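Next input, structure requested:
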Amino acid sequence: MRVDDPNRKAREALDRAKKLLPPEGPVVLSSEYLRLIERAERLPQNRPGTDKSWTQRVLDEWAYFVAHAKRQPPG
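Below is the predicted model:
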């Protein structure tokens, strides 16, 4: 099977990523990042008690889509 250039580049990038080691020590999050997370957590759709059952439906639909995907020939 012949691999086209974009797929070859993606495969090479994944191979390089597999060789990377995680940084040592604790991960330090910036105050800007923490502020944005706090802001997202305050959104109405993220409050405790809010119906989040739609997320399971989306995950189920995605799993179905992936399970039934068929490879398309290039071109």
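
any idea how far Lys18 lies from Glu12?
Per C-beta to C-beta, to the nearest Å, Lys18 is found 11 Å from Glu12. C-beta here means a position set from N, CA and C on the backbone, and glycine is covered the same way.

what's the distance between stretch 20-37 and the middle of its chain?
Mean-position distance between stretch 20-37 and its chain equals 17 Å (C-alpha atoms, centre = their mean, to the nearest Å).

Do me a favour and get the end-to-end distance for that stretch?
End-to-end distance for stretch 20-37, by C-alpha to C-alpha, to the nearest Å: 27 Å.

now swap in stretch 39-57 and tell me
25 Å.

and it, what's its mean pLDDT?
Mean pLDDT, stretch 39-57: 91.

burial of Ala69, as a residue count?
8 (other C-beta atoms under 10 Å).

before we move on, back to that, more neighbours: which of Lys18 and Glu12?
Each of Lys18 and Glu12 has its neighbours counted (other C-beta under 10 Å); Glu12 has more, 10 against 7.

what about the more buried one, helix or strand, and which?
If you go by DSSP states H and E, Glu12 is part of helix 5-19.

Just after that helix, pick out the following helix or strand.
Reading on from helix 5-19 to the C-terminus, the next helix or strand found by DSSP H and E is helix 31-41.

List of residues touching that following helix?
Asn46 (C-beta atoms under 8 Å, 6 or more residues apart in numbering).

elements contacting the following helix or strand past it?
Following helix 31-41 in sequence order, the next helix or strand is helix 54-67 (DSSP H and E). If contacts are counted by 3 or more C-beta pairs under 8 Å, 6 or more residues apart in numbering; DSSP states H and E, helix 54-67 sits against no helix or strand.
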